[in-house]
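In: Sequence first, predicted coordinates after that:
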Amino acid sequence: MVERVNLNHAAGNPVDKRVLKGMLPYFQEFYGNPSSVHIAGRHATKAVANARMQIVNLVGADTKDRIVFTSGATEANNLALIGFAYRNRRKGNHIITSEVEHLSILNPLKFLVKQGFEVTQIPVDEHGVIKLEALKEAITDKTVLFSVQHANNEVGTIHPIQEIADIAGDAKIPLHVDAVASAGQVPVDISDLGASLMTLSSNDLYGPRGVGALIIRRGTSIQPILLGGGQEMGLRSGSENVSGIVGMGIAAEIAGKELEANIRHLTKLRDRLIKEVTTKMEYTYLNGHPSHRLPNNANIRFSFVEGEAITLYLSFEGFLVATSSACTSRTLEPSHVLLSMGVDEAEAHGALQLTLGRDNTETHIDHFIKALPPIIKRLREMSPLYPPS
Ligand code: PMP
């Protein structure tokens with residue numbers, strides 16, 4: 001069997017062994033429901049409270065902030081946007097976001113537009129960075145919320161989030177930060193930013209899938225979107241996924257402790273990968289910001305070929321890669337992020353999203369750098385567009 005090399009961590013991280021070990025007792029031994037008053041329930045309540053503290057510590061939140069556990073980042077983003085918009089409707093109906101957000105932001109906003117809200121999507125520059133001047137100009141007296149990602153999951157660009165937070169702060173507009181792609185990859189501090197809301201995902205921290213969290217800072221009002229038994233401070237009904245929440249907590253603690261070491265490890269691999277791939281082959285370009293980028297992300301486009309074909313050929317050789325975000329990779333539409341950056345449609349089709357993980361090694365990069373050029377060469381030989389006239 002061909003050895004598998006995973007360069008598609010954005011689609012899913014393996015659960016850290018230490019996380020799994022910490023979760024296992026919560027399936028059988030400590031199966032209590034936090035809503036029960038008996039000893040098993042109290043044990044579960046304590047475990048969930050402990051996980052909240054681990055999240056608080058990862059992102060510099062305050063113990064008075066509410067950490068609402070959800071079924072994932074998609075639900076947390078829906079709760080942040082719809083919950084905030086509904087609760088604060090009397091103050092205004094205008095929300096500002098960017099063109100390069102994840103679909104779990106863009107689609108709830110589309111829903112809100114149908115409910116009478118107005119949404120402005122700020123464009124990005126050629127590196128995928130949100131245009132700050134356009135952001136300032138978009139503010140009106142009806143603006144009630146900014147919702148901006150810290151880093152882009154697809155092309156890896158890290159936005160100037162402190163400057164964005166300052167613009168929001170100066171205009172006294174609450175800020176929601178989707179920190180799914182950045183938390184655990186680079187330092188994230190909600191207090192420094194002065195953000196009101198922040199979304200996190202467990203799996204992006206090497207915790208289990210199906211768990212996420214919305215951090216709601218003191219003084220920020222949200223309306224629940226899931227109604228039922230009133231769990232999670234009345235903001236997210238449904239019996240808590242205790243084992244998953246415990247796992248997310250441990251994953252957050254490990255991500256915080258090992259942040260610097262992971263940044264060093266991943267940055268080294270990423271820089272070598274980008275350098276070798278873009279210099280070894282002609283008509284090959286890096287997408288996203290050359291330096292302000294996530295340590296785990298290399299997004300590269302190859303002119304005259306289709307990303308899907310490269311993905312397929314690479315998979316025959318054991319490499320797991322993707323053309324774009326896992327959430328959109330089943331469509332053949334070019335990435336909305338690349339189009340927004342001004343990459344033309346044909347070029348956008350030739351993009352590969354390579355996302356590294358803690359388990360990747362220099363040997364993986366050696367193998368990849370060796371395997372890729374013959375594949376690109378072969379595909380270009382079949383391409384009617386190559387060589388360019
Ligand atoms: N926001 C960002 C930036 C993402 O990359 C993702 C996908 N990992 C999500 C939100 C949604 O996460 P999930 O699919 O786990 O709900």
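Out: Happy to help now that I have it.

In: alpha carbons only for contacts and neighbour counts from here, please
Out: OK.

In: Just confirm Arg301 contacts Ala346, I think it does.
Out: No: in terms of Cα atoms under 8 Å, Arg301 does not count as a neighbour of Ala346; the distance is 10.4 Å.

In: more neighbours, these two?
Out: Between Arg301 and Ala346, counted using other Cα atoms under 10 Å, the more crowded position is Arg301 (24 against 13).

In: ok, what's across the strand from that one?
Out: Taking DSSP bridges as the rule, Arg301 bridges to Tyr285, Ala351.

In: In terms of pLDDT, where does it sit?
Out: At Arg301, the pLDDT value in this model is 97.

In: List the buried residues of the strand or helix carrying Gly41.
Out: According to DSSP states H and E, Gly41 maps onto helix 39-59. By neighbour count on 16 or more other Cα atoms under 10 Å, the buried set for helix 39-59 is 40-45, 47-48, 50-59.

In: ok, and what's touching the helix-or-strand element of the chain with minimal mean pLDDT?
Out: In the chain, no helix or strand scores lower on mean pLDDT, DSSP states H and E than helix 345-348, which sits at a mean of 93. For helix 345-348, the surrounding residues in contact (Cα atoms under 8 Å, 6 or more residues apart in numbering) are Arg301, Phe302, Ser303, Phe304, Pro334, Ser335, Leu338, Leu339.

In: at 10 Å what do you get?
Out: Outside helix 345-348, the residues within contact range by Cα atoms under 10 Å, 6 or more residues apart in numbering are 285, 287, 300-307, 323-324, 333-339, 342.

In: Alpha carbons of it, in CSV - could you do that?
Out: Output of helix 345-348 as CSV, limited to C-alpha atoms (Å, rounded to 0.1, in the frame of the first residue of the first chain):
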residue,chain,number,x,y,z
GLU,A,345,-11.6,32.1,-13.4
ALA,A,346,-9.3,29.8,-15.5
GLU,A,347,-6.4,30.4,-13.2
ALA,A,348,-8.6,29.8,-10.1
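
In: And that helix, what's buried?
Out: Residues of helix 345-348 classed as buried by neighbour count (16+ other Cα under 10 Å): Glu347, Ala348.

In: Now do that helix: distance to the chain's middle.
Out: How far helix 345-348 lies from its chain's middle: 23 Å, per Cα atoms, centre = their mean, to the nearest Å.

In: again, but for stretch 32-39
Out: Put simply, stretch 32-39 sits 33 Å off its chain's centre (Cα atoms, centre = their mean).

In: export it as CSV, just CAs?
Out: Extracted as CSV, the C-alpha positions of stretch 32-39 are listed here (Å, rounded to 0.1, in the frame of the first residue of the first chain):
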residue,chain,number,x,y,z
GLY,A,32,-23.7,11.9,33.6
ASN,A,33,-25.8,14.7,32.2
PRO,A,34,-24.9,18.1,33.5
SER,A,35,-28.6,18.8,34.0
SER,A,36,-28.9,16.1,36.7
VAL,A,37,-28.5,17.1,40.3
HIS,A,38,-27.0,13.8,41.4
ILE,A,39,-23.3,13.1,41.7
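
In: Name the surrounding residues that touch it.
Out: Residues from elsewhere that reach stretch 32-39 (Cα under 10 Å, 6+ apart): 26, 30, 40-48, 229-231, 239-242.

In: can you do 6 Å?
Out: Stretch 32-39 is contacted from outside by Ala40, Gly41, Ala44, Thr45, using Cα atoms under 6 Å, 6 or more residues apart in numbering.

In: residues touching the third one, list them.
Out: What it means is Ala44. Ala44 touches Gly32, Pro34, counting by Cα under 6 Å, 6+ apart.

In: what do you get if the cut-off is 8 Å, keeping everything else the same?
Out: By Cα under 8 Å, 6+ apart, the residues touching Ala44 are Phe30, Tyr31, Gly32, Asn33, Pro34, Val242.
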